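In: Kindly return the folded structure for what I paste below:
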Amino acid sequence: MSLFKARDWWSTVLGEKEEFDQGCLCVADVDNSGQDKLIVGSHMGYLRIFNPHPMKPGDGFQAEDLLLEVQLREPILQVEVGKFVSGTEVLHLAVLHCRKLCVYAVLGTLGNVEHGNQYQIKLMYEHNLQRTACNMTYGPFGGVKGRDLICIQSMDGMLMLFEQESYAFGRFLPGFLIPGPLTYSSRTDSFITVSSCRQVESYKYQVLAFATDADERQETEQQKLGSGKRLVVDWVLNIGEQALDICVVSFNQAVSSVFVLGERNFFCLKDNGQIRFMKKLDCSPSCFLPYCSVTEGTINTLVGNHNNMLHVYQDVTLKWATQLPHVPVSVKVANVQDLRGVIVTLSDDGHLQCSYLGTDPSLFEAPKIESREINYEELDAEMKQLQKIIKEASKTQDILPGSERERELIVIAEVSPELDAESQAIDSEVKAEAVPSVTVKITIQSRVTAQQPKLVVCVEAPLALSCDQFDFDDLEPDASETVVLSVFLKENCLPPELEGDCVVSYSTPTDESVCCFVLGIIKVAQCKFRLPLRLICLPTQPSKTANHKLTIDTNKPPVSFLTLFPDFADESEEDQSNALGFQFLTGSKVTLLASKTSQRYRIQSDQLEDLWLITKELTLRLEEHFKKQNCKDFTCSFSGSIPLQEYFELIDRHFELRLNAGKLKEMLSERAVQFRAIERRLLTRFKDKTPAPLQHLDTLLEGTFREVIALADAAEENQANVFQAFMKLKSATHLVVMLISLWQKLSADQIVVLEATFLPLAQDTEDLGWEETVDAAISYLLRTCLSKSSKDQALTLTSELCIPKDTSRLKKHITLLCDRLAKGGRLSLSTETSTPQTAGMPSGCATIPESDLEEGTIVPGTGATFTNHKHITKQKSKP
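Out: Got it, this is the predicted structure:
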C-alpha cells in the first residue's frame, strides 16, 4: 500500500450499471479546438465527451463539463480519433460497434446565451461489417501522408482494412484461435499482435496487401494450387503468457519501441522483435501506458493493477507508486486547461477521474480531547468494579471447566460392541480375506449457544476413518448433533494404539458484562474412545512354541479367559479358559496362557512388537474385572528380563531404513542432474542448423530415464518400509515402557515422563527422526534426575539434533537408563527433585560408573544381565 494517494483534480461517475473496457477511453482534440477532450464510450451504447474545468482541484463534476452525451444503437467497443475523412486533415471520431464502424465529425456551435456552446456529432460515413469485431487500430498504412487508415480485427481472426470511405481488403491471420491486442507501427509499417500461442507476431502491411484474398475462410482449389501469396509473419517472439495490451511508442529522444503488457510482466521490444528489457510485476496488472520521459534514452510507463495502485516505471525502475480509489481498466495522459500531464483513469463500472501525483500524504490525525482534572476517587471506584468483574469472570467463564457439570459442551463417543455387518473399509492394503470395520457414534451436546462448532476425529495410523472432519451450524442451548463414522485398518501393519480422539472447537457469544475479557476466545471440548481388539485380530488356536515370551505377575488368582475375553473365547471349549490364541489381520499370531497354580499370565509370539497390544488388553481387562468386584488392591508386576536385545534389533532396522532413504534421495538427485544435462545437450544438437551425430546421447538419455524411474520406485518402497518399521518400533517401545514401569513400580507421574522420553514423535520426518530425539531426551534425564553427581548436571546438551552415524550411543544410554532406575533412580522433571541419584537411593546401593557397563552389571532383583550390546538372557520358565 502506498503512503501517497492520487490527488483528485476532477472526477465523475458515468451512468448507472454501465460497463466499460480497455478501448472505451480516448483523449484527443476531437473538436479541433486545440485542447484535449475526454471521449468515453460504454457497452450500453452511450457516447460522452467531457471538457473538465473545475474551479479548484477536487470540485468534481459540473454540468457544463459534459459537452456531449448521445446514445447509439449498439454497444461501443472502442473509440479512436484520427484523420479518417478523405480530402481533409481535420480530426474525426471513429466508433467501433460489434457489426459496424462509424466515423463522426464533432461540431461545436458558439452559444449566445448563458447555457454555453452547443455540441453535436455528424455521421460522415459508416461500414457494415460482415464479421463480429473485436478491436481496431489506425495509422498511415503503407506510408500515406495526411490521412489515417483503419484496421479492424474480427473475433475469428480476420484483419479488415478500410481506406477511409472504402473497404480495401481482408486477410486471415495464420494459426488463429482467439483475438489478442492489436497495434500498428508506422516506423516498420507493420501490424503487431499477440496470438493465442502467447507469441508476439509482426505482419508487414505490404505482405498483407499482396497475400491471398480472404473473402472466404475456406481455401478454394485455385488457392491451393498457388494463386496469390501466402501470409508470412515478419518476426515472432514467445513471451510465455497472454497479453493484455500492446503499444508502439516513438519519441525524439528514444528509439522506437514495442511495449507489451502481460499477465505477470511487461516487455519492451525493439522493432525487430528483440527484447530491450522486461519487468516482472508484483501484482496482477489491469492496464498500462508508455509516455515520454524527461531523461534521455528512457521511457516512462504507467501500470495500473488490481490492488487499486498506479505504478510509474522509468524503464524497469519503479519511480513512484500511488493509490487510486478504483481499479483502472484504461489509463491516459491529457493536457487540460494548460495543465500538462493529467492522469486520466477509467474503471469498469464507470468511475472517470483526472488526477495528479502529490507528495502530501493523507494521514489520520486523532481529534484533540478536552483536558480535565483527574478525579482519583472515581478512578479507584472504577478500578475496584473492574477487578470485581474480572474475578467473577474468571470463576464463571473459565475456558477449561472444573467438572463435568460446568462444561458448556459435552462430546460423547460410543463404539459399537459389534463389528459392522457390511465392512466400510475403503482402499485397504491389508492382505486378509476380509477387513472388518467398527462404527463410532459421536454425540455433541451443548448447554449454551455454540457458534461454528467443528469436529475433528483422529486415530493412530495405520488405522483410518471413513470421515474425519465435520462442520455444524450454530448450536442453540440444549441442542445436540450426532454423527456416525467407521474405523478400519488401512495399512498392512499393526497400530501401536487402539484409541481415538474427538476434538470439538467452538466459540460462545460474548457476554456484555465481560466482553473485553473473553472476546475472540475459541473453546475446545474433547473425549477419547477405545476401539475393540476384534478390529485387528481374530481368534485362532494357541501355539505352544514362540521366540518371545513375557510373564506378567499379579496379586490375585488367575481369571478364566472365558470371562476376560468373551468375544474371543468359546464357552463350549474348556481348554480356552487357560489358553487363547490371537491372529492379527497382518498374519502374525500371539498366544495367551494363564497359570493354573500361580498368579501369572504368559504372552508369547514370534515377533516382539506383536506382544504389546495383547499385553495391554490383558492388563486393562484385568483391571476392569477386579474393579467391578470392588477390589482396589489389584496390581500387576514384571520380574523377568527387559527384552532390550530384541528391542535394539528393531531400532537398528528402523535406523538402517532411514539411512537407505537418504542414500536413495542422493542417488536420485544425481541421476536427475545427469538426465537434465543430457537433455540440454540433445536440445543443442537438435537446434543446430548443421546436424551433427548424436553420439549415443539418445541411448544414454533412455538409460538414465530408466534409472531415475527405478530409483523413484525404490525410494517409494523404502518410504513404505520406514513407516512399517516405525509402527513396529512404536509398539515395541510401548511394551518396553510398560515393562519398565511394572518392573520398578513407577508412579503415574513417572510413567508420563518415561512415555514422553521414549515416544516423543507421532511420525518420522526427514529433518527429525526418532533416534536423535529419544537420545536427546534420555541424555537430559541422565544429566538431571538420574545423574550420579552434580558434575553430570553441569554438562550441557547440544541444541541441534541431526541423524547420528549409528545407534551405539542411543543403545548405551537406554541401557544406562535402566541401570539407573534399577539402582533407585526416580524420574522427575521438577528442578527441586533433580538431585544426584545417590541422594534418592535406598541404603546398600551404590552408584555405578559408566565404565562398568562395558564389563557387565547385574541389575538386582530382575535377573537381567546388562552387558555391552548383549543385554538380556532369555527366561525359559513356565508360568
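In: quick one: Ser154 from Thr132, how far?
Out: To Thr132, Ser154 is 6 Å away according to Cβ to Cβ, to the nearest Å. Using the backbone N, CA and C atoms, a C-beta is placed for each residue, glycine as well.
In: Show the average pLDDT along the helix or strand harbouring Lys388.
Out: Element membership for Lys388, per DSSP states H and E: helix 376-396. For helix 376-396, mean pLDDT rounds to 85.
In: buried ones in that helix?
Out: Residues of helix 376-396 classed as buried: Ala393 (neighbour count, 16 or more other Cβ atoms under 10 Å).
In: likewise stretch 682-694?
Out: Buried residues in stretch 682-694, counted by 16+ other Cβ under 10 Å: none are found.
In: Start at 29, not 1
Out: Done: numbering now begins at 29, and the last item shifts to stretch 710-722.
In: How far off centre is that stretch?
Out: 42 Å (Cα atoms, centre = their mean, to the nearest Å).
In: residue ranges with poor pLDDT in the stretch 129-278 of the chain?
Out: Along the stretch 129-278 of the chain, the parts satisfying pLDDT under 70 run over 139-144, 241-257.
In: Comparing Ser182 and Thr160, which shows the higher neighbour count?
Out: Neighbour count, other Cβ atoms under 10 Å: between Ser182 and Thr160, Ser182 has more, with 20 against 13.
In: Spatially nearest residue to that one, not counting backbone neighbours?
Out: Nearest non-adjacent residue to Ser182, counting by Cβ to Cβ, 6 or more residues apart in numbering: Arg159, 3.8 Å away.
In: ok, the one you found - contacts?
Out: The contact partners of Arg159, by Cβ atoms under 8 Å, 6 or more residues apart in numbering, come to 182-184, 186, 188.
In: Generate a PyMOL selection restricted to the buried subset of those.
Out: In PyMOL, this line selects whichever of the contacts of Arg159 come out buried by 16+ other Cβ under 10 Å:
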select buried, resi 182+186+188
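In: what ranges do the strands span in the stretch 329-478 of the chain?
Out: 337-342, 345-351, 356-364, 367-375, 379-385, 437-443, 465-474 (DSSP state E, counting those that start in this stretch).
In: Might you specify the subset of the contacts of Arg159 located within strands?
Out: 182, 186, 188 (DSSP state E).
In: Give the bridge partners for the second one, please.
Out: Yep, that's Met186 we're talking about. Judged by DSSP bridges, the bridge partners of Met186 are Phe200.
In: My understanding was that it contacts Phe200; is that so?
Out: Yes: in terms of Cβ atoms under 8 Å, Met186 counts as a neighbour of Phe200; the distance is 5.2 Å.
In: Which helix in the protein has the most residues?
Out: In the chain, with assignment by DSSP state H, the single longest helix is helix 725-772.
In: tell me which strands and helices the helix or strand that comes right after that one is in contact with?
Out: Going down the chain from helix 725-772, the next helix or strand is helix 776-786, by DSSP H and E. With contacts taken as 3 or more Cβ pairs under 8 Å, 6 or more residues apart in numbering; DSSP states H and E, helix 776-786 sits against helix 725-772, helix 798-811.
In: And the strands in the stretch 79-228 of the chain, which stretches?
Out: Using DSSP E, counting those that start in this stretch, strands in the stretch 79-228 of the chain cover 94-99, 106-110, 120-124, 128-137, 146-156, 161-167, 177-182, 186-191, 194-200, 210-213, 218-222, 227-232.
In: returning to what we had before: measure how far the longest helix of the chain is from the centre of its chain, please.
Out: With Cα atoms, centre = their mean, you get 27 Å for helix 725-772.
In: Same question for stretch 770-782.
Out: In terms of Cα atoms, centre = their mean, the centre of stretch 770-782 is found 42 Å from the chain centre.
In: pLDDT averaged over that stretch, what's the number?
Out: Average pLDDT, stretch 770-782: 89.
In: Check what contacts that stretch and list those residues.
Out: The set of residues external to stretch 770-782 that reach it, using Cβ under 8 Å, 6+ apart, is 580, 664-667, 670, 765, 768-769, 809, 849-850, 854-857, 890.
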